[in-house]
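# heads up, no residue letters with this:
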């Protein structure tokens, strides 16, 4: 039986898989997805008053013109095809369907499934932020370093 690294689950001595997308970009997407996941149903579809009078509550609701969705869509669409494939593969890896040693297979499957609707697919995936974070963690990356740099 091969000894495994406790951090990545990869066989000891095996090189961690290289990502074409930077962990910092993934961590930013995780933060944005958590903002999106925190949104609530729309209670007032067309508020006619001043947002400050309503204590800015509309920002917590899932409106069609949601700036977080627009920002995420724009960011994901601006990524290279390889970066988009990595993002999908990380999400799949983080769903617990695979182990870290399956990374090449997962990435190949994500590359085969790649299309022009990657942003819609990812944004429509419940718990995407959690899946991405788990996928990164399985490959030995962490968002903690990134979050500390932002402070």
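The structure has been received and is ready for your questions. In this text, all values refer to a predicted model and were calculated from it rather than measured experimentally.
# What are the contacting residues of the helix or strand where residue 112 lies?
Using DSSP states H and E, residue 112 maps to helix 103-113. Helix 103-113 has contacts (C-beta atoms under 8 Å, 6 or more residues apart in numbering) with 17, 85-86, 88-89, 92-93, 98, 139. For the C-beta atoms, the positions are set from N, CA and C on the backbone; glycine is no exception.
# and if we set it to 6 Å?
Residues outside helix 103-113 that contact it (C-beta atoms under 6 Å, 6 or more residues apart in numbering): 17, 85, 88-89, 92-93, 98.
# Stretch 86-98 now?
Stretch 86-98 is contacted by residues 19-21, 106-107, 110, 128, 131-132, 134-135, 138 when judged by C-beta under 6 Å, 6+ apart.
# The host helix or strand of residue 122: which residues count as buried?
Applying DSSP H and E as the criterion places residue 122 in helix 118-123. Using 16 or more other C-beta atoms under 10 Å as the test for burial, helix 118-123 gives 118-119, 121-123.
# Closest one of those residues to residue 37?
residue 123 (10.2 Å; C-beta to C-beta).
# so how many other residues sit close to the closest residue to that closest one other than its chain neighbours?
Nearest non-adjacent residue to residue 123, counting by C-beta to C-beta, 6 or more residues apart in numbering: residue 72, 5.6 Å away. A count of nearby residues for residue 72, using other C-beta atoms under 10 Å, gives 21.
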